[in-house]
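Engineer: My questions concern the predicted model and sequence given below.
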Amino acid sequence: MILCTNLKNRATTQFTSFDFDSMAKIGDAFLCAGSTGLYILAGDLPAVPAYFEPIETDFGIPNLKRVRSVSLEYYSASALTVTVSTEKGLSDTLTFPASSGKTISRDITVSRDVYGVYFTFKVSGSGAFSVESLQVPPPTVLPRER
């Protein structure tokens, strides 16, 4: 696993399935280091799986609730997934299509079966992707335990 931080916007990405423990971009080259040595990433590189997970939230509301949708403004060479999870073990994985070389916005509905007090949102992809914003409309508060 490796963490890569863009110093311009302070965005951090976590790469998994990557056999290096550090990475640096110097000019146009990416240098990676691991237990077997130092490498320059060049040529046609495989898409590296990556994800980020913002902090768990209760939206400032201690009651059970349900989120209706997730809106993502992003650029991605391949499809992205957003997994919405709760402390109850309920989850829904939303698929956002590749953006065809430009930044786009999409809004996808979350399953009504996903509810809880605390929510996490995990954005996953492989290859080059950038997320400009992840927005969730105000949640629907549920009247009682289901």
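Structural biologist: Yes, it's here.

Engineer: what separates the residue most central in space within the chain from residue 83, distance-wise?
Structural biologist: Centroid-nearest residue in the chain: residue 123, 1.8 Å away (criterion: C-alpha atoms, centre = their mean). For residue 123, the distance to residue 83 equals 8 Å [C-beta to C-beta, to the nearest Å]. (C-beta placed from N, C-alpha, C; glycine too.)

Engineer: what about the residue nearest to the centre of the chain, which helix or strand?
Structural biologist: Applying DSSP states H and E as the criterion places residue 123 in strand 119-126.

Engineer: what's in contact with that strand?
Structural biologist: 47-54, 56-59, 67, 70, 72, 76, 78-86, 131, 134, 136, 139 (C-beta atoms under 8 Å, 6 or more residues apart in numbering).

Engineer: and those residues, which are buried?
Structural biologist: 48, 50-52, 67, 70, 72, 76, 80, 82-86, 131, 136, 139 (16 or more other C-beta atoms under 10 Å).

Engineer: on that earlier part again, can you give me the buried ones in the strand holding residue 123?
Structural biologist: By neighbour count on 16+ other C-beta under 10 Å, the buried set for strand 119-126 is 119, 120, 121, 123, 124, 125, 126.

Engineer: Tell me where this protein has strands.
Structural biologist: For the chain, the strands defined by DSSP state E cover 2-6, 11-15, 22-26, 29-34, 37-41, 49-52, 65-66, 69-76, 80-86, 91-96, 104-109, 119-126, 129-135, 140-141.
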